[in-house]
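**Q** Below are the sequence and a predicted model for it; my questions follow.
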Amino acid sequence: MKKTLIFLYGILSYIVFLASFLYAIGFVGNFIVPKSIDSGEATGMTMSIVINLALLSLFAIQHSIMARPGFKKKWTKIIPESMERSTFVLLTSLILFLIFWKWQPMTAKVWNIEGETYVLIINIIFWIGWVIVLLSTFMINHFHLFGLDQVYNKLKGKPPTGLKFKEHFFYKFVRHPIMTGFIIAFWATPEMTQGHLLFAAVTTLYILISVKYLEERDLRNELGEAYVSYQKRVPMLFPFLKFGKKG
């Protein structure tokens, strides 16, 4: 019964993640969803900035702390190891929904690109970013990344398996293509408002800091010389750029 409940918990966490991922596309792209980045009742500029920064900071703190190996080691003394990733995914997704719900629109335009061809090109780039994010998760192990492998192995009584270091497809060109896709998707808009700019700038800054100073450190500690060599050969986020290379 315990194994079954853990498995169902993992499935529920994944469903919540999937819903938050799909909603994020509409939220950033300003379509379909009832509350997007530029919709809703606006408050004063100062209050909007404070609330939006608080929401993004909450996400950054939760994501950064719970993703660290030291925290996981302590956390899995409280909850089963098989539930650790699903719990991380669930809490991250719930915080994303909180951001979508409480985000304060700041609708003054920073830029507005006109012309059907230009708008089409930018919208295509927007979708390319999200496709890169999704495909990149499958290139490492989508189901392990979002906790399903762990709860399935628990259900079947199999030992836990970890992610293997794989240097293929997008990972031959950049070390963190998931983050590359997010950056592309967040910035590719024909109509950039102040609120959208704040969201894109803060999330990009967080990605740069967390990847370079937290994620990369953890990967070097876990994978050793193999990852150090990978850092020297492959850029961190964008192909052909030296930024993020070691050596």
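**A** That came through fine.

**Q** Next one: the nearest residue to residue 112 once chain neighbours are set aside, what pLDDT does it get?
**A** Take residue 112 and drop its neighbours on the chain: the residue closest to it by Cβ to Cβ, 6 or more residues apart in numbering is residue 191, 5.0 Å away. Heads up, the C-betas are built off the backbone N, CA and C, glycines and all. At residue 191, the model reports a pLDDT of 96.

**Q** and what of residue 243?
**A** 61.

**Q** burial count for the residue nearest to residue 112?
**A** 16 (other Cβ atoms under 10 Å).

**Q** can you check residue 87 too?
**A** By other Cβ under 10 Å, the residues close to residue 87 number 19.

**Q** isn't it right up against residue 12?
**A** No: between residue 87 and residue 12 there is no contact under Cβ atoms under 8 Å: 11.1 Å.

**Q** Sketch out the helices for this structure, chain order is fine.
**A** 2-29, 45-66, 69-75, 81-102, 116-140, 142-145, 148-156, 177-187, 194-210, 216-223, 225-233 (DSSP state H).

**Q** Tabulate those in a markdown table, adding columns for distance to residue 35 and mean pLDDT.
**A** Converted to a markdown table, these look like this (distance: least, Cβ to Cβ, whole Å; pLDDT from 0 to 100):
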| stretch | distance to residue 35 | mean pLDDT |
| --- | --- | --- |
| helix 2-29 | 7 | 97 |
| helix 45-66 | 13 | 97 |
| helix 69-75 | 31 | 95 |
| helix 81-102 | 6 | 97 |
| helix 116-140 | 19 | 97 |
| helix 142-145 | 27 | 94 |
| helix 148-156 | 28 | 94 |
| helix 177-187 | 17 | 98 |
| helix 194-210 | 12 | 97 |
| helix 216-223 | 34 | 94 |
| helix 225-233 | 40 | 94 |
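
**Q** As TSV, those with distance to residue 36 would be great.
**A** Shown next, in TSV, are the helices of the chain (distance: least, Cβ to Cβ, whole Å):
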stretch	distance to residue 36
helix 2-29	5
helix 45-66	14
helix 69-75	33
helix 81-102	8
helix 116-140	13
helix 142-145	26
helix 148-156	29
helix 177-187	13
helix 194-210	10
helix 216-223	33
helix 225-233	37
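
**Q** Comparing the ones you listed, which stretch has the densest surroundings?
**A** Neighbour counts (mean count of other Cβ atoms under 10 Å) averaged over each of the helices of the chain peak at helix 177-187, with a mean of 22.

**Q** and that one, what does it pack onto?
**A** helix 2-29, helix 116-140, helix 194-210 (3 or more Cβ pairs under 8 Å, 6 or more residues apart in numbering; DSSP states H and E).

**Q** Out of these, flag the one nearest residue 65.
**A** Closest to residue 65 of the helices and strands packed on helix 177-187, according to Cβ to Cβ: helix 194-210, at 10.9 Å.

**Q** Need the pLDDT of residue 168.
**A** You'll see residue 168 listed with a pLDDT of 87.

**Q** Over to it: give its phi and psi.
**A** Main-chain dihedrals, residue 168, degrees, to the nearest 10: phi -150, psi 170.

**Q** check contacts around residue 88.
**A** 66, 67, 147 (Cβ atoms under 8 Å, 6 or more residues apart in numbering).

**Q** Fine, thanks again, bye for now.
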